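Peer 1: sequence unknown, structure follows:
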């Protein structure tokens, strides 16, 4: 039988990407997708919610109704996990990231709001919903600054690199 990707056979390599190349691959994934699964936890248990996101470097952002279950969970416990993944055709195309961080809900009154809000592309939503472009939304934005990321890309095995790579935010100092 013909083997399409013989480099997938056998044990996975253990070699790590250097930080710069890993960050480039993570940012490429975040820039080429726009949907994620947000995992929160609350009194009713875990909740996994598909969410459209925007990103600014290693911060993922989305908007949501303050009354939604995910927002109630975030208010109770801001620790979240976010899964971003590319469409899967086969093992060789497996590519995704698990992002861990704390969700912050920012309103226009918060000093960081404008910094993150500039990354939102709300105009297409307004056009789709027949809302005027002269009236941008002012609702809260949820920001999750990645504290750590588990990045998976099986194509890395072709170059003798581990398919699972680990990124952590540098310590402030």
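Peer 2: Sure, I can see it. Just so it is clear, the structure is predicted and the values come from calculations on it, not from any experiment.
Peer 1: Check which helices and strands the lengthiest helix in the chain sits against.
Peer 2: As assigned by DSSP state H, the longest helix anywhere in the chain is helix 19-32. Using 3 or more C-beta pairs under 8 Å, 6 or more residues apart in numbering; DSSP states H and E, the elements in contact with helix 19-32 are strand 95-106, strand 141-153, strand 164-168. The way it works is simple: take the backbone N, C-alpha and C, and place the C-beta from them, glycine included.
Peer 1: could you say what helices and strands the shortest one packs with?
Peer 2: Right, the one you point to is strand 164-168. Strand 164-168 packs on helix 19-32, strand 141-153, going by 3+ C-beta pairs under 8 Å, 6+ apart.
Peer 1: By mean pLDDT, point me to the weakest helix or strand of this structure.
Peer 2: helix 123-128 (a mean of 86; mean pLDDT, DSSP states H and E).
Peer 1: so how far is that one off the chain centroid?
Peer 2: A distance of 22 Å separates the centroid of the chain from that of helix 123-128, by C-alpha atoms, centre = their mean, to the nearest Å.
Peer 1: for it, packing partners?
Peer 2: Using 3+ C-beta pairs under 8 Å, 6+ apart: helix 123-128 touches no other helix or strand.
Peer 1: Buried residues in it, which are they?
Peer 2: Within helix 123-128, no residue qualifies as buried by neighbour count (16 or more other C-beta atoms under 10 Å).
Peer 1: Can you lay out the helices and strands packed on helix 19-32 as CSV showing mean pLDDT, distance to residue 57 and mean neighbour count?
Peer 2: Formatted as CSV, the helices and strands packed on helix 19-32 follow (pLDDT from 0 to 100; distance: least, C-beta to C-beta, whole Å; neighbours: other C-beta atoms under 10 Å):
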stretch, mean pLDDT, distance to residue 57, mean neighbour count
strand 95-106, 97, 12, 19
strand 141-153, 97, 9, 20
strand 164-168, 98, 12, 16
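Peer 1: Indicate which one of those strands is closest to residue 7.
Peer 2: strand 141-153 (12.9 Å; C-beta to C-beta).
Peer 1: Could you check the angle the closest one makes with strand 164-168?
Peer 2: Counting by axes from the mean of the first three to the mean of the last three C-alpha atoms, to 10 degrees, strand 141-153 lies at 140 degrees to strand 164-168.
Peer 1: And residue 74, how far from residue 148?
Peer 2: 19 Å (C-beta to C-beta, to the nearest Å).
Peer 1: follow-up on the earlier one: give me the angle between the longest helix of the chain and strand 95-106.
Peer 2: 70 degrees.
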